[in-house]
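> Got a sequence here, can you build the structure:
(one chain, ligands or ions: 2)
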Amino acid sequence: MVGSGGVGKSALTLQFMYGDFIEEYDPTKADSYRKKVALDTQECFVDILDTAGQEEYAAIRDNYYRSGEGFLCVFSLCETESFEHTQEFRDQICRVLDDETVPFILIGNKADLTSQRKVSSRDAEAKAKQWNCAYLEASAKTRVNVEEAFLTLMRKIRERKEKAQAGAGGETGKKEGGCCRLL
Ligand code: GDP
Ligand code: MG
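Residues are numbered from 1 along each chain as shown. Ligands and ions are numbered 1, 2, ... in the order given. Next up is the predicted model:
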């Protein structure tokens with residue numbers, strides 16, 4: 001979970017983990033969670049690192065990024081600055097991983113606060129298109145798109161792993177109907 005402070009990273013994580021909206025969570029705290037998830041008939045575990053978004057040392061932050069297989073980049077639909085700030089997170093992640101195709105989803109959170117909205121769907125969609133990633137509007141409060149955000153990211157991670165495995169198989173020989181084809 002990456003994004004500016006106060007955008008709802010912890011609230012989204014806790015909603016996904018426990019199905020509850022936690023109003024107040026220590027904003028300086030980075031914490032990790034593990035959940036068993038049924039992903040399209042496949043049972044798997046997801047490890048979530050909820051970063052504080054203000055990690056004091058760049059080295060610690062970069063280590064967090066290196067340990068990530070996918071990223072939910074969160075901003076608040078009610079705060080333009082947090083939307084602008086997503087570019088910085090995106091750039092840092094791509095730089096540290098040296099990879100622009102890492103599973104990544106842009107999340108506009110606090111969709112329930114419609115009257116306080118500052119960021120349009122169009123602007124956020126344009127940003128996601130530029131990054132070639134998905135965009136979802138969510139609410140940690142009403143649970144809208146919370147499950148979808150995590151499951152969509154997990155599917156992308158799984159897809160990528162399967163592709164990588166198929167690729168590795170291709171180098172040493174592909175299994176076809178019980179026989180091994182050496183290429
Ligand atoms: P973090 O710093 O990104 O982890 O943000 P938090 O999860 O601590 O949330 C910051 C504040 O926004 C808290 O007061 C939350 O209750 C509130 N908040 C988070 N998500 C939502 C949401 O979807 N809707 C509303 N109305 N408030 C939210
Ligand atoms: Mg937090």
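> Could I get the contacting residues of the closest residue to ligand 1 within the chain?
Using CB to the nearest ligand atom, the closest approach of the chain to ligand 1 is made by Gly8 at 2.9 Å. Every residue, glycine included, has its C-beta placed from N, CA and C. Shown in contact with Gly8 (CB atoms under 8 Å, 6 or more residues apart in numbering): Val74, Ser76, Asn109, Lys110, Ala140.
> Centroid-nearest residue for the protein?
Against the mean C-alpha coordinate of the chain, by CA atoms, centre = their mean, the closest residue is Leu72 at 1.9 Å.
> How far off centre is the helix or strand encompassing it?
Under the criterion DSSP states H and E, the helix or strand holding Leu72 is strand 71-76. The chain centre lies 7 Å from the centre of strand 71-76; the measure is CA atoms, centre = their mean, to the nearest Å.
> Spell out the residue ranges of the strands in this structure.
31-39, 42-50, 71-76, 104-109, 134-137, 174-176, 179-181 (DSSP state E).
> quick one: which of the contacts of Gly8 is nearest to Val102?
Nearest to Val102 out of the contacts of Gly8 is Val74 (CB to CB; 16.1 Å).
> Just give me the neighbour total for the residue nearest to the closest one when sequence neighbours are not counted.
In this structure, Val74 finds its nearest non-sequential neighbour in Gly3, 3.6 Å apart by CB to CB, 6 or more residues apart in numbering. Neighbourhood size, Gly3 [other CB atoms under 10 Å]: 25.
> Gly3 reaches Thr86, doesn't it?
Yes: using CB atoms under 8 Å, Gly3 makes contact with Thr86 at a distance of 6.7 Å.
> Need the residues touching each of the two.
Common contacts of Gly3 and Thr86 (CB under 8 Å, 6+ apart): Cys73, Phe75.
> ok, Ile22 - contacts?
Ile22 is in contact with Ser10, Ala11, Leu14, Gln15, counting by CB under 8 Å, 6+ apart.
> restrict the residues you listed to those near ligand 2?
Ser10 (CB under 5 Å from the ion).
> Now list the buried members of the contacts of Ile22.
Buried by 16 or more other CB atoms under 10 Å: Ser10, Ala11, Leu14, Gln15, out of the contacts of Ile22.
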